[in-house]
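Engineer: quick one, fold the following:
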Amino acid sequence: MPSLPFLPPLTPSAVVRALRAAGCVFAEDEAELLLGAARTPGELAAMVERRAAGLPLEHVVGWAWFHGLRIAVEPGVFVPRRRTEFLVDQALAQAPGARVVVDLCCGSGALGAALAASLGAVEVHAADIDPAAVRCAHRNLAPQGGRAHQGDLFDALPAGLRGRVGILTANVPYVPSAEVALLPAEARDHEPLAALDGGADGLDVLRRVAAGAPEWLAPGGCLLTETSERQAPAALRAFTDAGLTTRLAVSEELYAHVVIGVREG
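Structural biologist: The predicted structure follows:
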């Protein structure tokens, strides 16, 4: 892609114009972030060019706000969504005394980091199949003493966690395969397919997580995962079939649907 038609140093108004010309809806807000993040005029020009080329803003600046935390993200790693803060809030309400937290399909590790920051002294683990995500999660969990593991779902976890997990989050991929092409370009072109594609009906990974969760949850421990409104009934059945006491939490404001399953006894 050719360079943008300007020379540094860029003025704030020039940054806004460049972003608006590239189709950025919130050009003023994004310009403020880029101006604050750039250390030199040349770095600012490079950042504006990458954003105008379609790279997610969070990948350009290197972080995303999530549940009051600045979460490090890097190119190729799934960007935490604001609606997923609702999942964190539901986990804290369900298990405020949890002492062991596991964040499966962790991406940047945002859920584990947010839960650890809110719960205080807690043992936190994150796992993802993507090595770039694991590196990113390690950075975000290190301040809480958390650990990040690479592998396929529960296979990545230390065996000593079986039966001890108070909160198990799994922000699984849940976009049906045939609908991945319909996603916004920022996600489709710049986030890993494994973090988006949930199989034919979008629930392949969710079912695997639900089936394996009871073995890892402590009595009274909970599993939480995000899904769509359309998929919620099937997701609830998957949790119930796994032997969990199940309910659906919905935020109309964030358009968020979180399935919660509790291991009784």
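Engineer: next, the buried residues of the helix-or-strand element of the chain with minimal mean pLDDT.
Structural biologist: For the chain, scoring each helix and strand by mean pLDDT, DSSP states H and E identifies helix 185-190 as the least confident one, at a mean of 78. Residues of helix 185-190 classed as buried by neighbour count (16 or more other Cβ atoms under 10 Å): 187, 190. Heads up, the C-betas are built off the backbone N, CA and C, glycines and all.
Engineer: alpha carbons only: can I get that helix in CSV?
Structural biologist: Provided in CSV are the C-alpha atoms of helix 185-190 (Å, rounded to 0.1, in the frame of the first residue of the first chain):
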residue,chain,number,x,y,z
ALA,A,185,-12.0,-6.5,7.9
GLU,A,186,-10.2,-5.5,11.1
ALA,A,187,-11.1,-8.9,12.6
ARG,A,188,-11.1,-11.0,9.5
ASP,A,189,-7.8,-9.8,8.2
HIS,A,190,-5.8,-9.2,11.4
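Engineer: what count of nearby residues applies to the residue lying closest to residue 195 once chain neighbours are set aside?
Structural biologist: Distances taken as Cβ to Cβ, 6 or more residues apart in numbering place residue 78 nearest to residue 195, at 4.0 Å, with adjacent residues excluded. Residue 78 has 26 neighbours, counted by other Cβ atoms under 10 Å.
Engineer: need phi/psi at residue 219.
Structural biologist: The main-chain torsion angles of residue 219 are listed as degrees, to the nearest 10 and equal phi -50, psi 130.
Engineer: isn't it up against residue 263?
Structural biologist: Yes: look at residue 219 against residue 263 with Cβ atoms under 8 Å: they come within range, at 6.2 Å.
Engineer: quick one: which of these two has more around it?
Structural biologist: When residue 219 and residue 263 are compared on other Cβ under 10 Å, the one with more neighbours turns out to be residue 263, at 22 against 10.
Engineer: need the contact list for that one.
Structural biologist: 213-214, 217-223, 243-245 (Cβ atoms under 8 Å, 6 or more residues apart in numbering).
Engineer: just the buried ones among the residues you listed, please.
Structural biologist: Of the members of the contacts of residue 263, the ones counted as buried by neighbours, 16+ other Cβ under 10 Å, are 213-214, 217-218, 221-223, 244.
Engineer: what is the most widely separated pair among those residues?
Structural biologist: For the buried ones among the contacts of residue 263, the farthest-apart pair by Cβ to Cβ is 218 and 244; their separation is 13.0 Å.
Engineer: gap between the residue nearest in space to the middle of the chain and residue 226?
Structural biologist: What sits nearest the mean C-alpha location of the chain, by Cα atoms, centre = their mean, is residue 80, with 3.5 Å. When distance is defined by Cβ to Cβ, to the nearest Å, residue 80 is 11 Å away from residue 226.
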